[in-house]
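>>> From the sequence below, what's the structure:
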Amino acid sequence: MKNLSEKDLETLSGQKARLWRFLPSHDRLVFLLKDLVKEEDRYLIFLGCEQINITVLWSIQNPVIKNGDVASYVLTDGDIKIQFEESRIMGNYDLE
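As a prediction, the model looks like this:
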């Protein structure tokens, strides 16, 4: 399983994320990260979501990932809570 590292979480702090896509059939939750400094879009992707408590626009403050159930993790950041199996940041994301 691939997951966000501590360094990834640090770089996310202070960024804005927008709900980009949720595919229940593919069990995938995607946020668009706008990097105004580098002028490039990146995507924050969660796979195997079991529980989702999110907002459409997310001002990322201090995200923390902890172990969840048997094969899952839980990301929390204020009112945001996502229980998932895998997570990653990608520069390209094919919506199909």
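
>>> Tell me which helix or strand residue 9 sits in.
Per DSSP states H and E: residue 9 is located in helix 6-12.

>>> from the chain's centre, how far out does that helix sit?
On the basis of CA atoms, centre = their mean, to the nearest Å, helix 6-12 sits 11 Å off its chain's mean C-alpha point.

>>> For that helix, could you pull out the residues that count as buried?
Buried residues in helix 6-12, defined by neighbour count with 16 or more other CB atoms under 10 Å: 9, 11-12. For the C-beta atoms, the positions are set from N, CA and C on the backbone; glycine is no exception.

>>> Please apply the same query to stretch 74-93.
Buried residues in stretch 74-93, counted by 16+ other CB under 10 Å: 74-75, 77, 80, 82-87, 89, 93.

>>> and residue 3, how many neighbours?
Residues within reach of residue 3, counting by other CB atoms under 10 Å, total 15.

>>> what do you get for residue 52?
Burial of residue 52 is recorded as 14 neighbouring residues (other CB under 10 Å).

>>> On the strand side of things, show who it bridges to.
residue 82 (DSSP bridges).

>>> The one 5 residues further on now?
The residues listed as beta-bridge partners of residue 57 by DSSP bridges are residue 18.

>>> how about it, what does it touch?
Counting by CB atoms under 8 Å, 6 or more residues apart in numbering, residue 57 touches 16-19.

>>> And the furthest pair within these?
With CB to CB as the measure, no two of the contacts of residue 57 lie farther apart than 16 and 19, at 11.5 Å.

>>> got any residues that touch both of those two?
Joint contacts of residue 16 and residue 19 (CB under 8 Å, 6+ apart) are 57-58.

>>> Test my guess that residue 90 contacts residue 41.
No: using CB atoms under 8 Å as the test, residue 90 is too far from residue 41 to be in contact (10.0 Å).

>>> which stretches of this structure form strands?
For the chain, strands defined by DSSP state E occupy the ranges 16-23, 28-35, 40-47, 51-53, 57-59, 64-67, 73-77, 80-84, 86-90.

>>> the inter-axis angle of the last one versus strand 28-35?
The one in question is strand 86-90. 30 degrees (axes from the mean of the first three to the mean of the last three CA atoms, to 10 degrees).
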